[in-house]
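Colleague: I'd like to go over a predicted model; first the sequence, then the structure.
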Amino acid sequence: MPIESFLFDTVEGRPVEGFILSAGGPEATVIAHGARLVRMLVPGRDGTKADVVLGFDRVADYLTSDAYFGATCGRYGNRIGGAAFALDGARHELAVNEPPNQLHGGPEGFDRRIWDAKVDEAENAITFTLVSRDGDQGYPGTLTAGTRYQLSDDGVLDIRMTAVCDRPTIVNIVHHSYWNLGGHASGDLRDHRLAVQGGFTTPVGADLIPTGEVRPVDGTPFDLRGGVGLGEALEAVGGFGFDHNWCLDGPAGELRPVAVLEHPASGRKMELATDQPGLQVYSGGYLSEKIVGKSGQPYRRFAGLALESQRFPNSPNIGHFPSARLDPGETYRHRMQLRFGTG
């Protein structure tokens, strides 16, 4: 089917383009602001389609929110402790937006920019590109980033993030959709099941910065390898639920299945594959009904689950974590595949 383009909104007089990718059952809508996924229609076992991602109807709401709904986050997704890192002996101070740390690239990260868009009808794909200049949010080097969304006939949303630079820097571009397979307006996630193929996590301190420890999940509520009901898992973890990084099984750099999210009532299932070493599982514990999303729907605590494949948080400051360094002549590549079906 042809890719439909439309005007999603305007920001300070600048148009924000939107694009609808259709392929048989699922349908994805992406916009140039934040290279963002704003809608994902997925059929259930009875054929009824539901929009399974949280989001807003206007760019103004994305700009005033700190939830990063559906966004491409960078230059460094997740947290950098102390909003600083050293590279080749030089210390780089970053813009702070979660004092004293930086989260998801800073106060003016990739999620807040209008990206350029290119349509590829033959591949049923949209590629967004953005140039981040030397010193942007404190990062060294000019970086040219890309995010490509492709929807295939067999129900796979393929997301590929790339970057090249003109001087050594660090990169960890992350996709940040919140999923609720019952539909974005259906309530919380306690009726879902989640499996994550990771035998270790990276524990965090009170500021959510990893301590540097790599801890086995055996015998803990973080052992999701066999699949668990999220209601049971959230109760076992307590507090705000999951906001932790899993060290994924299998070789980083190779696309491999790492997680499955299921909604038994509707039959919808989402299988995640990635080539990254880590997966941040965030259960939306900091959401509240003060956040009013699409069609006036309040998003309560645990209304959506973010599954962010990634380098580990604070990797530039923890030597034994996977490197996030990118040098001139290299290409950063991050791929995640979301396969939708029913069970």
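Modeller: Nice, thanks for sending it over. Residues are numbered from 1 along each chain as shown.
Colleague: Break down the stretch 201-343 of the chain into its strands, ranges please.
Modeller: 215-216, 228-229, 243-248, 256-263, 268-274, 278-282, 305-310, 325-326, 332-342 (DSSP state E, counting those that start in this stretch).
Colleague: and the first one, which strands flank it?
Modeller: Read that as strand 215-216. Strand pairing for strand 215-216, determined by DSSP bridges: strand 198-201 (antiparallel).
Colleague: what distance separates the partner strand from the middle of the whole chain?
Modeller: Taking the mean of its C-alpha atoms, strand 198-201 sits 19 Å from the chain's own mean (CA atoms, centre = their mean, to the nearest Å).
Colleague: next one: stretch 111-130
Modeller: On CA atoms, centre = their mean, the centre of stretch 111-130 falls 17 Å from the chain's centre.
Colleague: can you give me the end-to-end distance of it?
Modeller: 11 Å (CA to CA, to the nearest Å).
Colleague: Which one, of the strands of the stretch 201-343 of the chain, ends up nearest to residue 23?
Modeller: Across these, residue 23 has its closest neighbour in strand 332-342 (10.3 Å, CB to CB). Backbone N, C-alpha and C define where each C-beta goes, glycine included.
Colleague: Strand 268-274 and that closest one, what's the angle between them?
Modeller: 160 degrees (axes from the mean of the first three to the mean of the last three CA atoms, to 10 degrees).
Colleague: and strand 332-342, how far out from the chain's middle?
Modeller: 11 Å.
Colleague: And for stretch 6-22?
Modeller: The answer for stretch 6-22 is 21 Å, by CA atoms, centre = their mean.
Colleague: before we move on, back to that, columns mean pLDDT on top of the strands of the stretch 201-343 of the chain, output as CSV?
Modeller: Formatted as CSV, these follow (pLDDT from 0 to 100):
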stretch, mean pLDDT
strand 215-216, 98
strand 228-229, 98
strand 243-248, 97
strand 256-263, 98
strand 268-274, 98
strand 278-282, 98
strand 305-310, 98
strand 325-326, 98
strand 332-342, 97
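Colleague: could those strands be laid out in a markdown table, adding mean neighbour count and distance to residue 124?
Modeller: Compiled in a markdown table, the strands of the stretch 201-343 of the chain are given as follows (neighbours: other CB atoms under 10 Å; distance: least, CB to CB, whole Å):
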| stretch | mean neighbour count | distance to residue 124 |
| --- | --- | --- |
| strand 215-216 | 12 | 42 |
| strand 228-229 | 17 | 35 |
| strand 243-248 | 23 | 28 |
| strand 256-263 | 21 | 23 |
| strand 268-274 | 22 | 19 |
| strand 278-282 | 24 | 26 |
| strand 305-310 | 24 | 22 |
| strand 325-326 | 18 | 29 |
| strand 332-342 | 20 | 15 |
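Colleague: Could you export the ones you listed to a markdown table, including columns for distance to residue 144?
Modeller: Shown next, in a markdown table, are those (distance: least, CB to CB, whole Å):
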| stretch | distance to residue 144 |
| --- | --- |
| strand 215-216 | 37 |
| strand 228-229 | 41 |
| strand 243-248 | 27 |
| strand 256-263 | 28 |
| strand 268-274 | 22 |
| strand 278-282 | 24 |
| strand 305-310 | 20 |
| strand 325-326 | 11 |
| strand 332-342 | 10 |
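Colleague: If you count neighbours, what's buried in stretch 56-64?
Modeller: By neighbour count on 16 or more other CB atoms under 10 Å, the buried set for stretch 56-64 is 56-57, 59, 61-62.
Colleague: should've said stretch 225-234
Modeller: 228-230, 233-234.
Colleague: and it, how far apart are its ends?
Modeller: 15 Å.
Colleague: Need the contact partners of that stretch.
Modeller: The contact list for stretch 225-234 (CB atoms under 8 Å, 6 or more residues apart in numbering) reads 189-199, 217, 221, 224, 241-242, 260, 262, 283, 302, 305.
Colleague: mind redoing it with 6 Å?
Modeller: With contacts defined as CB atoms under 6 Å, 6 or more residues apart in numbering, stretch 225-234 is touched by 189-190, 192-195, 241.
Colleague: Just the buried subset of those residues, please.
Modeller: Buried, going by 16+ other CB under 10 Å: 189, 192-195, 241, out of those.
Colleague: Minimum distance to residue 161: which of the strands of the stretch 201-343 of the chain has it?
Modeller: With CB to CB as the measure, strand 332-342 is the member of the strands of the stretch 201-343 of the chain nearest residue 161 (4.2 Å).
Colleague: got the CA positions of that closest one in CSV?
Modeller: Provided in CSV are the C-alpha atoms of strand 332-342 (Å, rounded to 0.1, in the frame of the first residue of the first chain):
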residue,chain,number,x,y,z
TYR,A,332,27.0,3.2,14.7
ARG,A,333,24.3,0.6,14.1
HIS,A,334,21.3,-0.3,16.3
ARG,A,335,18.5,-2.5,15.1
MET,A,336,15.3,-3.6,16.8
GLN,A,337,12.5,-5.7,15.3
LEU,A,338,9.0,-5.8,16.7
ARG,A,339,7.0,-8.7,15.4
PHE,A,340,3.2,-8.5,16.0
GLY,A,341,0.9,-11.5,16.0
THR,A,342,-1.7,-13.3,18.0
